[in-house]
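Enquirer: here is a sequence with its predicted model. Questions after.
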Amino acid sequence: MNNLRVTLVQADLHWENPTANLAMLEEMLWTLKAPTDIIVLPEMFTTGFTMNTQQYAEVPQLTTFRWLRQQAAQYNAVVVGSYIVKEQQQYFNRLVWMQPDGTADFYDKKHLFRMAEEDKFFTAGSQRIIKTWKGWRICPLICYDLRFPAWSYNIDNQGNIAYDCLLYIANFPEARATVWNSLLKARAIENWSYCVGVNRIGIDGKGISYVGDSSVITPKGTIAFQANNEAVVQTIELDATELLSYREKFPAYLDADRFQLL
């Protein structure tokens with residue numbers, strides 16, 4: 001298990017304009033000067049947080065999926081982000097985990113943000129995924145999932161730690177920036193894990209403001225990196241030795257409660 005290089009892409013998304021967003025993100029990624037292991041894009045990176053599902057949904061494995069596959073191959077890195085997918089007459093806020101060889105997996109957002117009526121336009125997912133990459137086990141989740149600690153619980157059925165890095169992609173608004181910053185730290189501390197959160201900036205088509213605060217939090221809850229309210233492509237190295245040493249010196253996970261979600 002070596003150190004893991006994670007690239008956070010914090011962008012001002014063009015409202016309901018997939019073509020412009022894909023072009024902008026390509027230009028942002030061109031600024032990468034060194035190799036990375038994982039590139040993380042915001043939630044709904046092609047459109048912003050729209051409920052206009054019928055117009056902007058894609059069927060699986062078409063335009064955005066192929067774009068992700070191209071970027072992953074080009075940078076020899078996993079690329080992660082979510083967009084609107086239509087499958088079997090249902091719409092999903094779907095996170096795609098795209099590996100450089102074209103192998104892909106996905107996670108459909110479980111907790112739909114009812115205050116924006118996301119639950120009326122999308123179908124909730126029911127399965128969490130944990131992916132292994134470069135020796136790290138990574139659990140990717142989406143935005144509103146951050147508020148629900150049981151969903152990110154880091155103890156498996158055998159009482160072992162399930163993952164090493166918790167990853168949130170988001171459109172988390174400025175009005176709840178304190179919640180975003182507080183809960184990223186809480187999720188890292190309670191799960192003995194790194195926690196990476198990638199958010200957007202700018203003002204969307206509904207007039208909602210976002211200030212980013214994309215962050216990397218250590219297992220102790222300290223801020224290893226936090227972006228300001230600006231477009232950023234920043235690579236941060238997660239320290240494997242620091243993670244394993246902390247778990248060895250402070251093995252609170254051995255006293256964790258055991259439960260399963262119904």
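Expert: Okay, I see it.

Enquirer: show me where this protein has its helices.
Expert: Counting by DSSP state H, the segments of the chain that form helices are 18-29, 53-56, 63-75, 118-121, 177-190, 240-249.

Enquirer: the closest residue to residue 91 other than its chain neighbours - how many residues pack around it?
Expert: Spatial nearest neighbour of residue 91, chain neighbours left out: residue 53 (4.2 Å); criterion: Cβ to Cβ, 6 or more residues apart in numbering. Just so you know, the C-beta spots here come from the backbone N, C-alpha and C atoms, and that holds for glycine as well. Look at residue 53: counted by other Cβ atoms under 10 Å, it has 19 neighbours.

Enquirer: follow-up on the earlier one: redo the helices of the chain as JSON lines? Include distance to residue 99.
Expert: Converted to JSON lines, the helices of the chain look like this (distance: least, Cβ to Cβ, whole Å):
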{"stretch": "helix 18-29", "distance to residue 99": "16"}
{"stretch": "helix 53-56", "distance to residue 99": "25"}
{"stretch": "helix 63-75", "distance to residue 99": "6"}
{"stretch": "helix 118-121", "distance to residue 99": "28"}
{"stretch": "helix 177-190", "distance to residue 99": "25"}
{"stretch": "helix 240-249", "distance to residue 99": "20"}
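
Enquirer: just put the ones you listed in a markdown table and tack on distance to residue 4 and mean pLDDT.
Expert: Formatted as a markdown table, the helices of the chain follow (distance: least, Cβ to Cβ, whole Å; pLDDT from 0 to 100):
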| stretch | distance to residue 4 | mean pLDDT |
| --- | --- | --- |
| helix 18-29 | 18 | 98 |
| helix 53-56 | 32 | 97 |
| helix 63-75 | 15 | 98 |
| helix 118-121 | 31 | 98 |
| helix 177-190 | 15 | 98 |
| helix 240-249 | 7 | 97 |
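
Enquirer: residue 205: which of these is closest?
Expert: helix 53-56 (11.7 Å; Cβ to Cβ).

Enquirer: quick one on the thing from earlier: so who does the residue nearest to residue 91 touch?
Expert: Residue 53 is in contact with 84, 86, 91, 121, 122, counting by Cβ atoms under 8 Å, 6 or more residues apart in numbering.

Enquirer: top of the residues you listed by neighbour count?
Expert: For these, neighbours tallied by other Cβ under 10 Å; top is residue 84, 24 neighbours.

Enquirer: excluding its backbone neighbours, what's nearest that residue?
Expert: The spatially closest residue to residue 84, leaving aside those adjacent along the chain, is residue 57, at 4.4 Å (Cβ to Cβ, 6+ apart).

Enquirer: skipping its backbone neighbours, what lies nearest residue 157 in space?
Expert: Of all residues not flanking residue 157 in the chain, residue 260 sits nearest, at 6.9 Å (Cβ to Cβ, 6+ apart).

Enquirer: for the one you found, give its distance to residue 57.
Expert: Here residue 260 is placed at a distance of 33 Å from residue 57 (Cβ to Cβ, to the nearest Å).

Enquirer: which one of those two has more residues nearby?
Expert: Neighbours per residue, other Cβ under 10 Å: of residue 260 and residue 57, the larger number sits with residue 57, 19 against 8.

Enquirer: separation between that one and residue 121?
Expert: Residue 57 is 10 Å from residue 121, by Cβ to Cβ.

Enquirer: common neighbours of the two, please.
Expert: Common neighbours of residue 57 and residue 121 (criterion: Cβ under 8 Å, 6+ apart): residue 91.

Enquirer: if we can go back for a sec, quick one: which of the helices of the chain is nearest residue 227?
Expert: So among the helices of the chain, helix 177-190 is nearest, using Cβ to Cβ, at 11.7 Å.

Enquirer: where do the strands sit along the stretch 101-250 of the chain?
Expert: Secondary structure of the stretch 101-250 of the chain (DSSP state E, counting those that start in this stretch): strands at 104-108, 131-133, 136-142, 165-169, 194-198, 201-203, 209-211, 215-217, 223-226, 232-238.

Enquirer: could you look over those and pick the most buried one?
Expert: Ranked by mean neighbour count under mean count of other Cβ atoms under 10 Å, the strands of the stretch 101-250 of the chain are led by strand 194-198, which reaches a mean of 28.
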